[in-house]
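Colleague: Only the shape, not the letters, is given here:
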């Protein structure tokens, strides 16, 4: 077996929850991996384990050769030390903070002035600089997505996890944001795992597609290969 | 009519509320940690002042803080005066009685914080203490403040526990509620009525203002 590319995510996970068994192996190089499958197939569990928000019964997670999790060796790097970004389905923007403070949250270690400059620059790049002093409850769906994306990329993460963050958006807005995500990930040169139901989104974004059913990966490859005969998952 | 009992009641209620706010919030945070053993039993014990007769609670406090107790002796050797039958005793009595108000409200508020917000903070590199201070507590603040308001109201209206632990020394530990009782049984019916009316107006007025503030805070904290 060839050694993984630098910065690659390699994981082997086994999670038993009642009768449900998730048993998957991932090898994701820099670029976008779309994980697709029906509800309850284990997609979000994979993200939770990679993030360190859930612990598998057995498994290993390494990123760029650094071990984040090895249940056999008793290694479990805490969530806050993993240097990753996670965009949740509901976005999870902090409602009591302005857009700028949301973006600054993950770059707390920087000096205040530098933090503000970076946050404003990112908001500007994503076209939402005018929201800097406003709180999330006043944002439209698309604006909230852009602020959440700015917050996710601000800390220059080593891994990005997206749990259907664009599912509530209309098709045009979704296309705009998927392009933004693709550009940002290309610039950062990191793996991004994107859980989605949308075949159109996967075709547009994915370097690799993993199709998962009942906790098992049933197909993997390029979007063109994996999705060529599939229309059933389309939203 | 002397206003000293009312001033004393307000002073005791304010201090008791602050003590209950600090300890009650701390206890509520502990209660949200699933790893704390016997946490529901601990919760029931902390909330016992809601169901115990004030005299029973006062008795326990007298035993725990009295001059024969370890705490009472340690306090006296440090500060030169006992806890019981003093202003400090009255504050502690009112704080213990009002503690469940803060603990219950704060626990509800803390547990209502969206788990994804906490998870998002963690994935953005925040350690647990920072998550608590910057995300969990600010979002639970309206509930915690509501609990503190109730604690103040409870402390302001306390009679039984204060009577047991702090007695009723005129101009020393005679609170408004105790003053009403003393005035009534001392044949000063007008004095009792006036103090009752003023205490009611002050209590209702403060709660009204606090509710307005709380409503504004809640509007700003939730999407």
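Modeller: Alright, I've got the coordinates. These figures come from a predicted structure and were not determined experimentally. Numbering: from 1, shown residues only, chains lettered A, B, ... in the order given.
Colleague: Give me the longest helix you can find in chain A.
Modeller: helix A:171-188 (DSSP state H).
Colleague: Point to the residue nearest the middle of chain A.
Modeller: residue A:161 (1.5 Å; C-alpha atoms, centre = their mean).
Colleague: Direction included, what does the helix or strand hosting that one pair up with?
Modeller: Here residue A:161 is covered by strand A:159-163, with elements defined by DSSP states H and E. Sheet partners assigned to strand A:159-163 using DSSP bridges are listed as strand A:84-87 (parallel), strand A:191-195 (parallel).
Colleague: sorry, back to before: check contacts around the residue nearest to the centre of chain A.
Modeller: A:47, A:50, A:51, A:84, A:85, A:86, A:87, A:192, A:193, B:123 (C-beta atoms under 8 Å, 6 or more residues apart in numbering or on different chains). C-beta here means a position set from N, CA and C on the backbone, and glycine is covered the same way.
Colleague: Could you export the strands paired with strand A:159-163 as CSV, including distance to residue B:77?
Modeller: Output for these, formatted as CSV (distance: least, C-beta to C-beta, whole Å):
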stretch, distance to residue B:77
strand A:84-87, 55
strand A:191-195, 63
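Colleague: just to revisit the earlier point, for the contacts of residue A:161, give me JSON lines that also has neighbour count, pLDDT and distance to residue A:155.
Modeller: Listed next are the contacts of residue A:161 as JSON lines, based on neighbours: other C-beta atoms under 10 Å in any protein chain shown; pLDDT from 0 to 100; distance: C-beta to C-beta, whole Å:
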{"residue": "A:47", "neighbour count": "23", "pLDDT": "94", "distance to residue A:155": "18"}
{"residue": "A:50", "neighbour count": "27", "pLDDT": "95", "distance to residue A:155": "16"}
{"residue": "A:51", "neighbour count": "22", "pLDDT": "94", "distance to residue A:155": "14"}
{"residue": "A:84", "neighbour count": "26", "pLDDT": "92", "distance to residue A:155": "9"}
{"residue": "A:85", "neighbour count": "28", "pLDDT": "91", "distance to residue A:155": "7"}
{"residue": "A:86", "neighbour count": "28", "pLDDT": "93", "distance to residue A:155": "11"}
{"residue": "A:87", "neighbour count": "27", "pLDDT": "91", "distance to residue A:155": "13"}
{"residue": "A:192", "neighbour count": "28", "pLDDT": "93", "distance to residue A:155": "14"}
{"residue": "A:193", "neighbour count": "26", "pLDDT": "94", "distance to residue A:155": "17"}
{"residue": "B:123", "neighbour count": "28", "pLDDT": "95", "distance to residue A:155": "10"}
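Colleague: so residue B:191 makes contact with residue B:183?
Modeller: Yes - contact criterion C-beta atoms under 8 Å: residue B:191 and residue B:183 qualify, at 4.1 Å.
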